[in-house]
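**Q** using only what follows, build the 3D model:
(chains A, B, C and D)
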Number of protein chains: 2
Amino acid sequence: MSAQATPRPGGRSARVQQSVHQAVRDLEAEVGRDALTVPLIATRAGVTPSTVYRRWGDLRALLSDVAVERLRPDAPPADCGSLRADLEAWTVQFAEEMSSTAGRTYIRDTLLGDPEQGNAARCSDYAAEQLKAIGVRAAGRGEAVPDVETLLDVVVAPLMYRILFRPSALSEAYTARLVAAALGRSELSPGA
Amino acid sequence: MSAQATPRPGGRSARVQQSVHQAVRDLEAEVGRDALTVPLIATRAGVTPSTVYRRWGDLRALLSDVAVERLRPDAPPADCGSLRADLEAWTVQFAEEMSSTAGRTYIRDTLLGDPEQGNAARCSDYAAEQLKAIGVRAAGRGEAVPDVETLLDVVVAPLMYRILFRPSALSEAYTARLVAAALGRSELSPGA
DNA sequence: CAGCCTAATGCTAAGAAATTGCGTCTGGCC
DNA sequence: GGCCAGACGCAATTTCTTAGCATTAGGCTG
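**A** Below you'll find the model as predicted:
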């Protein structure tokens, strides 16, 4: 249903998908997310509503696909010279992006309209890839590197939990504390 | 909008709310959650659809209210004789309930249709209250007790993150490992 | 390169749901 | 016992959703 592959990469299907996604992004900025409807998006994209319903099923699934695209990192994590500095920089940026109004909306849209959790898993994979890149770079410097699973448990999960369930419990110093906790027990690997 | 207090506890408003909530629960079991619509629920509850729209705004907000009620613990945490045993028992039960298909649906419904995050915060408060009760009991035994904030970060958050974003990454041994990690660093208190 | 064949899209209409305005009634409060 | 604010029922309008059918695009084979 969601995140479907494009069977014909260069064909009309791909153009329709791109056009519809772009229409969602445009209209999100123009009329606001809550005013989005399938007929509105379809008209803007130059397709008929039935096409959208057939391809995505419903509005939630379409928004989930668009949202997860927006959560994709657009650049590799910055190189600040050390594992700790890289992790702190990445965590601060991650927390800022995800806790913003737009970020929270994208996360919730991703989680919703996605019964198979495919988009949610992609969202987590993005973070894992970034952390993995930071780890590889630190290992190249000869530093001891915590497991990606550990970082997801100790840094990403608490951040996400607070963003989704306790929006008032986020502070600036908190992210640094999470990174410190992760580095302090880098030898522990809860694993899967 | 959601989780509104009942202005007239014994009056018609209270009866309508109870009736609508019950209709949601009944129909969820009968026709499935995805088949729920406001007119369907309203008819079953013996009210008109406009009443539901006025009280809850839309279907998502109504489902959010019902879902958070279902996530409320129905009993204090079991007393297994020690902090570690209590925590392990509670964590296992929590993980089982939340990772089930129904549990995940309730969580997602709670997060949705709730722009102010009030219901999501209540959901987190439920877990915090349970953990607090376990801690108070353990303190009564003279045991050293980890901070509730620490438990939320180290135990609850990783579980929730995996349930929502990485449903394949949950295992039985994992919950025990989380509890062990929490007890191993009970002196650390990341706090808020 | 020409023709076929699958699959995706456009179109239309019917059915269902969402939204709003207005009148009525309940129930708390003087 | 009467007043008043809030909540509800009713009904009409608008919008969304879904299904059937015709058409077209584009890949594929010969």
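
**Q** buried ones in stretch A:50-62?
**A** By 16 or more other CB atoms under 10 Å in any protein chain shown, the buried positions in stretch A:50-62 come out as A:51, A:52, A:53, A:55, A:56, A:59, A:60, A:61, A:62. For every residue, glycine as well, the C-beta is placed using N, CA and C.

**Q** now for the first one: which residues touch it?
**A** The reference is to residue A:51. By CB atoms under 8 Å, 6 or more residues apart in numbering or on different chains, residue A:51 lies in contact with A:16, A:42.

**Q** now it: which helix or strand?
**A** For residue A:51, the host element (DSSP states H and E) is helix A:49-56.

**Q** quick one: contacts for residue A:77?
**A** The contact partners of residue A:77, by CB under 8 Å, 6+ apart, come to A:86, A:89, A:90, A:130, A:133, A:134.

**Q** now rank those by neighbours and give me the top one.
**A** Each of these was scored by neighbour count (other CB atoms under 10 Å in any protein chain shown); the top score is that of residue A:134, with 25 neighbours.

**Q** element containing that one, please.
**A** Here residue A:134 is covered by helix A:118-140, with elements defined by DSSP H and E.

**Q** is that helix positioned near chain B?
**A** Yes. Applying CB under 8 Å from any CB of the partner chain, one finds helix A:118-140 touching chain B at A:120, A:121, A:123, A:124.

**Q** low-confidence ranges in chain A?
**A** A:1-10, A:185-192 (pLDDT under 70).

**Q** can you point out the helix or strand that includes the nearest residue to residue A:44 once chain neighbours are set aside?
**A** Spatial nearest neighbour of residue A:44, chain neighbours left out: residue A:23 (4.0 Å); criterion: CB to CB, 6 or more residues apart in numbering or on different chains. Using DSSP H and E, residue A:23 sits within helix A:12-31.

**Q** next: residue A:116.
**A** Remark: residue A:116 resides in no helix or strand, with elements defined by DSSP H and E.

**Q** how many neighbours does it have?
**A** 11.

**Q** tell me which parts of chain A are close to DNA strand D?
**A** Residues of chain A found near DNA strand D (CB under 7 Å from any atom of the strand) are A:8-12, A:15, A:37-40, A:49-50, A:53, A:58-59.

**Q** and chain A, what are its domains?
**A** Annotated domains of chain A cover A:12-57, A:71-184 [automatic domain parsing].

**Q** just the terminal-to-terminal distance for the longest one.
**A** Using CA to CA, to the nearest Å, the span of domain A:71-184 from its first residue to its last is 29 Å.

**Q** one more: the first one?
**A** For domain A:12-57, the first-to-last residue distance is 19 Å (CA to CA).

**Q** now check it, is it near DNA strand C?
**A** Yes. Contact of domain A:12-57 with DNA strand C (CB under 7 Å from any atom of the strand) involves A:12, A:13, A:16, A:17, A:46, A:47, A:48, A:50, A:51, A:54, A:55.

**Q** what angle do the strand or helix carrying residue A:179 and helix A:118-140 make?
**A** Assigned by DSSP H and E, residue A:179 falls within helix A:172-184. Angle of helix A:172-184 versus helix A:118-140, following axes from the mean of the first three to the mean of the last three CA atoms, to 10 degrees, is 60 degrees.
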